[in-house]
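*Asks:* got a predicted structure here, sequence first:
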Amino acid sequence: MVTHPVILGIETSCDETAAAVVDATGQVLGHALLSQAQDHAVYGGVVPEIAARAHGDHLDRMIAQALDESDMTIDDMDAIAATAGPGLIGGVMVGLVTAKALALGAGKPFVAVNHLEGHALSPRLGHDLAFPYLLLLVSGGHCQLLIVEDVGSYHRLGSTIDDAAGEAFDKTAKLLGLGYPGGPALEKAALSGDAARFPLPRPLLGQDNCNFSFSGLKTAVRRSAEKLADEQGGLYEQDICDLAAATQMAIGDCLIDRTRRAVDLYFTQMQPVTPTLVVAGGVAANKALRARLAELAESRDMAFVAPPLWLCTDNGAMIAWAGLERFRLGQRDGLDTPARPRWPLDETALPVYGGGKKGAKA
Ligand code: KG4
Ligand code: ZN
């Protein structure tokens, strides 16, 4: 049975072209996703222009598939939601313009969704998760600790001062020749590696804030790899696995240390009835990280919630769901809503880096 409202959600902010139909109970009625990973793999990262064109080529088909799978048409939707930022602007515009056109053509309300809110609320999709929860949001573009107080109400405790955690995975994987996307490839290699073999830095560890820094990691891994290659005339598969394991451990140590500090702040600031630690975003698909966060939560008598793996990386369902949560609260957006390359979740938080004429980086 379908429970209204039912929302079509569209996601095109990075390299996944995705659409989904979700209902009020969190049932995903239809879901279509096309990963462009192959298109970008040769370049070792997402090429914005290629991404935007590919979204333009495939989005219609993804929307048709999601609707077909749900056995509904656009006329059955209560609203159309799309990511309006932050993200690669060309791609965001493709999704946004398509959603607006559909809304206009079918006479449906349009809801603009912040991609980060899509990640932040994704653990509530099909899961009874109460506010306020402590969220570690770790993706390719973002790394933040936030208290999610309500839909639309976020208090940022800390953020990366340079690279995001996913970026650290991707850049190190690239230099180790593990391919793109780097996160899953590095996780796989790390399974057969010895994390203790290479000492890597843990920036900001133990500092009195909840910020992250990952930009030095890549250089440290490169130096270790070059030194070893000089000594033995090249790198063996086991060396790559050991370096991958060391990288994953170093990133994990930073994430856990900063999250532990955020847990203290969460308890002092919120006195939550059901204390809950939540992880979301692409890096939340990392099983080693999930296990370590679950342990941390248990040690502090907190519940731990992580979305299923498919819901961690970018998808249409999380955008449909965030749109639905907003729609239920009465949000309707105009067809003049702009695409935003930057759009912080907590607009009151001072930028830890990259404030400028374009506004704060998220
Ligand atoms: O949320 P997402 O799909 O896109 C952004 O909004 O950025 O996150 C993509 C990021 C990439 O950096 C990717 O390497 C990382 O998530 N990722 C992982 C894993 N799966 C995806 N990182 C570590 N381990 C994984 N299993
Ligand atoms: Zn994302």
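*Replies:* That came through fine. Numbering: from 1, shown residues only. Ligands and ions are numbered 1, 2, ... in the order given.

*Asks:* identify the residues contacting the residue nearest to K218 when sequence neighbours are not counted.
*Replies:* Sequence neighbours aside, K171 is the residue nearest to K218 in space, at 4.6 Å (criterion: Cβ to Cβ, 6 or more residues apart in numbering). Any C-beta I mention is one placed from the backbone N, CA and C, and that applies to glycine too. Contact partners of K171, counting by Cβ atoms under 8 Å, 6 or more residues apart in numbering, are 163, 182, 218.

*Asks:* at 10 Å instead, please
*Replies:* By Cβ atoms under 10 Å, 6 or more residues apart in numbering, K171 lies in contact with 44-45, 163, 182, 214-215, 217-219, 221-222, 247.

*Asks:* ChimeraX command to pick out the buried ones of those residues?
*Replies:* In ChimeraX, this line selects whichever of these come out buried by 16 or more other Cβ atoms under 10 Å:
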select :44,163,182,214,217,218,221,247
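
*Asks:* do the helix or strand hosting E167 and ligand 2 meet?
*Replies:* Per DSSP states H and E, E167 falls inside helix 165-175. No. Helix 165-175 stays clear of ligand 2 (Cβ under 5 Å from the ion), getting no nearer than 8.5 Å.

*Asks:* how distant is that helix from the center of its chain?
*Replies:* Helix 165-175 sits 15 Å away from the centroid of its parent chain (Cα atoms, centre = their mean, to the nearest Å).

*Asks:* hmm, L176 is touching K188, no?
*Replies:* No. Using Cβ atoms under 10 Å, L176 makes no contact with K188, being 11.8 Å away.

*Asks:* could you look up the SS state of V148?
*Replies:* Under DSSP: H, G, I helix; E, B strand; the rest coil, the three-state class of V148 is strand.

*Asks:* now do the one 10 residues further on
*Replies:* At G158 the chain is in strand, as set by three-state DSSP.

*Asks:* how about the helix holding E167 and ligand 1, touching?
*Replies:* Yes. Using Cβ under 6 Å from any ligand atom, helix 165-175 reaches ligand 1 at 166, 169-170.

*Asks:* out of the contacts of K171, who's near ligand 1?
*Replies:* G182.
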